[in-house]
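Chemist: Just a sequence and a predicted model for now, questions to come.
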Amino acid sequence: MKKDNTFSAQIKTIYKMLMALFSLFVVAGGGLVYYANNPTAFNFNSENKTVSTVPLEVDEDLIVDGIHIRTGLVDDQGLMVVVNNCTNCHSAKLVTQNRMNAERWNSTIKWMQETQNLWDLGKNQEIIVNYLVKNYPPKAKGRRMALSGIEWYELED
Amino acid sequence: MKRRDFVKKATLSSFAALIGAEIVFGSKMYDGYTPIALQDPDPFKLFNKHKDMVVLNDKPWNIEAQAHLLDDKITPNSSMFVRNNGLIPENIDIKSWTLTIDGESVKKTKTYTLQELKANFKQYTYQLTIECGGNGRAEFDPPAKGNQWTVGAVHCASWTGVRLRDILEDTGIKNDAVYIGFHAADQHLSRDPKKEAISRGCPVAKAVQDETLLAFQMNGKDIPLVHGYPLRLVAGGWPASVSGKWVNRISIRNKIHDGAKMNGTAYRVPCEPVEPGAKVKDEDMCIIESMPVKSLITYPKSGAMINKGKKLNIRGHAWAGELEVIKVEYSIDFGATWQGCTLESPVNRLAWQHFSASVDFPKKGYYEVWAKATDSLGVSQPMILPGWNPKGYLNNACHRIAVKVK
């Protein structure tokens, strides 16, 4: 009986040791798996910059309040023809800054074709010029305009 | 989130979407590194410009100052306008950078390294006024074509370099030389390697002036990339387009230089005055040389409100191309009466001159303070727009600021 007890105690000790060893394996294994997935986990000094991997849908031709966001051009018939033909070499800002009538836009296009490697626009030329003349017409300024957009401020000495 | 971080993350993730996989080393991209194609689109950081500078165009880069940003006597980089015709050169190696003097009228083509230029020729420093020929274009009616500069396409920085004259004397030029034309490293907008973005120049007489430099320093430091690093031709008093950036070759011509933007309507005005909106034939257009007399009120910023009984101290700069400014006046009654300003002599020829005045206002109300400069030939700035021209150059109409007295 005493022998049986001794034997049973020994079995329990071995069992405990095996369990401890097994737990160690589980913890170490878990740690290794975690480390494999987070290689920077132990770089305590470096800020962990996670890069989102959720595919981001970027709408290149998003239009908000009638403005094509990427270029700043007004949304109207012919917009994409203008975007595709007029913003390859230069920014759309060069287009929106300038205000001309059809004749001068046509001569500007001719100048770009002769000197700046602009391609033949074919039927698109009319679409482009109509778009520009309608949305970016010349404004009369006279010989000197009144000052506008003044931001008033208290001048302290 | 900082814009750059956002762009980086957004770009990485859209790139991830594109290749259908995670970017394994995405998080390992170190600070300050951005793939070339994604270079920081923020021009204020890119070119170290003041936040109040105004971007007119981002391809090519064209950025102008506002009057109050130009208050310094010597313009700092942060307030200098940027005018590019093409794409800023990439990967500049100053060790291999050379300047070649060639052309029909050079005795023998010669090439200098940057080091040879710096070591073998005496260096000079001048403050030089450089104004874009199209400064003020935005006011023309009917509108003139091009970047719509208002008042801020002018600066006067301190430039250090060697005299072009000394180089030309070393190379040797023939008696039939009439013009010089620069060639530079910037790319044409179309990226066509056969095309130059801009290749202008000036008559030999201007090229051999004391103040015409091949500069490698601006305000005591290497010239910033966007302003022409490592070598810039600087010709004060003439349209800024003569001051070629990123210069690597100068051709000595036996005729007027015919490089990009020398012909047609570029940097030319009608030889004879025309009515607004007129069509002018190319052969009736003449090259702009010296810029006209002009001034700018740089303090206070337009929009100042002061209390009645207080004097308003104003100041600014005046310049007159090849000439000197002999008088600056101000008016608070739209030109009905003019009062004199204190005017300083230029630090050197072709540097802008500083003026100041203390202004009294008779009663409360809205005022405009107008400034008018007069050059050494007695020619003053017009109060209204000067002669219309197809490309809207040479608007030297008086500058004005709004003031309210309460």
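Modeler: Received it, and whenever you're ready, just let me know what you need.

Chemist: Going along the chain, name the strands of chain A.
Modeler: Per DSSP state E, chain A carries strands over the ranges A:63-64, A:67-68, A:73-74, A:153-154.

Chemist: Make JSON lines out of those strands and add mean neighbour count.
Modeler: In this view, the C-beta of every residue, glycine as well, is placed from N, C-alpha and C. As requested, the strands of chain A are exported to JSON lines (neighbours: other Cβ atoms under 10 Å in any protein chain shown):
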{"stretch": "strand A:63-64", "mean neighbour count": "11"}
{"stretch": "strand A:67-68", "mean neighbour count": "16"}
{"stretch": "strand A:73-74", "mean neighbour count": "21"}
{"stretch": "strand A:153-154", "mean neighbour count": "12"}
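
Chemist: Please give me every residue in contact with residue 122.
Modeler: Let's take chain A. Listed by Cβ atoms under 8 Å, 6 or more residues apart in numbering or on different chains, A:G122 has no contact partners.

Chemist: wrong one, chain B
Modeler: By Cβ under 8 Å, 6+ apart, the neighbours of B:K122 are B:V162, B:R163, B:D166.

Chemist: Domains in the chain, by residue range?
Modeler: Here I'm looking at chain A. Chain A breaks down by automatic domain parsing into domains covering A:6-41, A:63-135.

Chemist: Please refer instead to chain B.
Modeler: According to automatic domain parsing, the domains of chain B span B:3-62, B:98-287, B:294-405.

Chemist: what about the second one, how long is it end to end?
Modeler: Start and end residues of domain B:98-287 are separated by 29 Å (Cα to Cα, to the nearest Å).

Chemist: now swap in the last one and tell me
Modeler: Using Cα to Cα, the end-to-end distance of domain B:294-405 comes out at 27 Å.

Chemist: Flag every buried residue along the biggest helix by length in chain A.
Modeler: Counting residues, the longest helix in chain A under DSSP state H turns out to be helix A:2-37. If you call a residue buried by 16 or more other Cβ atoms under 10 Å in any protein chain shown, then helix A:2-37 has no buried ones at all.

Chemist: do stretch A:109-118 as well
Modeler: A:I109, A:M112, A:N117, A:L118.

Chemist: residues near the closest residue to the first one other than its chain neighbours, how many?
Modeler: Nearest residue to A:I109, sequence neighbours excluded (Cβ to Cβ, 6 or more residues apart in numbering or on different chains): A:Q125, at 6.3 Å. When neighbours are counted by other Cβ atoms under 10 Å in any protein chain shown, A:Q125 registers 17.

Chemist: got any ranges where the chain has weak pLDDT?
Modeler: Going with chain A. Across chain A, the ranges flagged by pLDDT under 70 are A:1-4, A:31, A:35, A:37-58.

Chemist: not quite, I wanted chain B
Modeler: If you take pLDDT under 70 as the line, chain B has these spans: B:1-40.

Chemist: mind listing the helices for the chain?
Modeler: With no chain named, the answer covers chain A. Assigned by DSSP H, chain A shows helices spanning A:2-37, A:79-86, A:92-97, A:102-115, A:124-135.

Chemist: that's the wrong chain, I meant chain B
Modeler: Under DSSP H, chain B gives helices at B:3-19, B:43-46, B:114-120, B:164-171, B:204-207.

Chemist: May I ask you to confirm that B:H188 is in contact with B:G86?
Modeler: Yes: counting by Cβ atoms under 8 Å, B:H188 touches B:G86, with 5.3 Å between them.

Chemist: which residues are common contacts for those two?
Modeler: Here B:H188 and B:G86 share the contacting residues B:E196, B:A197, scored by Cβ under 8 Å, 6+ apart.

Chemist: So is stretch A:68-86 next to chain B?
Modeler: No: Stretch A:68-86 is not in contact with chain B by Cβ under 8 Å from any Cβ of the partner chain; minimum separation 10.2 Å.

Chemist: could I get that stretch in CSV with only the CA atoms?
Modeler: Extracted in CSV, the C-alpha atoms of stretch A:68-86 (Å, rounded to 0.1, in the frame of the first residue of the first chain):
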residue,chain,number,x,y,z
HIS,A,68,-13.3,67.7,-61.0
ILE,A,69,-11.1,67.3,-57.9
ARG,A,70,-7.9,66.0,-59.4
THR,A,71,-7.6,68.9,-61.9
GLY,A,72,-9.8,71.7,-60.5
LEU,A,73,-11.7,71.9,-63.8
VAL,A,74,-15.4,72.6,-63.9
ASP,A,75,-17.6,69.6,-64.6
ASP,A,76,-19.3,70.1,-67.9
GLN,A,77,-19.7,68.5,-71.3
GLY,A,78,-16.2,67.8,-72.6
LEU,A,79,-14.5,67.7,-69.2
MET,A,80,-12.7,64.4,-69.8
VAL,A,81,-11.7,65.3,-73.3
VAL,A,82,-10.0,68.4,-71.8
VAL,A,83,-8.4,66.3,-68.9
ASN,A,84,-7.1,63.7,-71.3
ASN,A,85,-5.7,66.1,-73.9
CYS,A,86,-4.7,69.2,-72.0
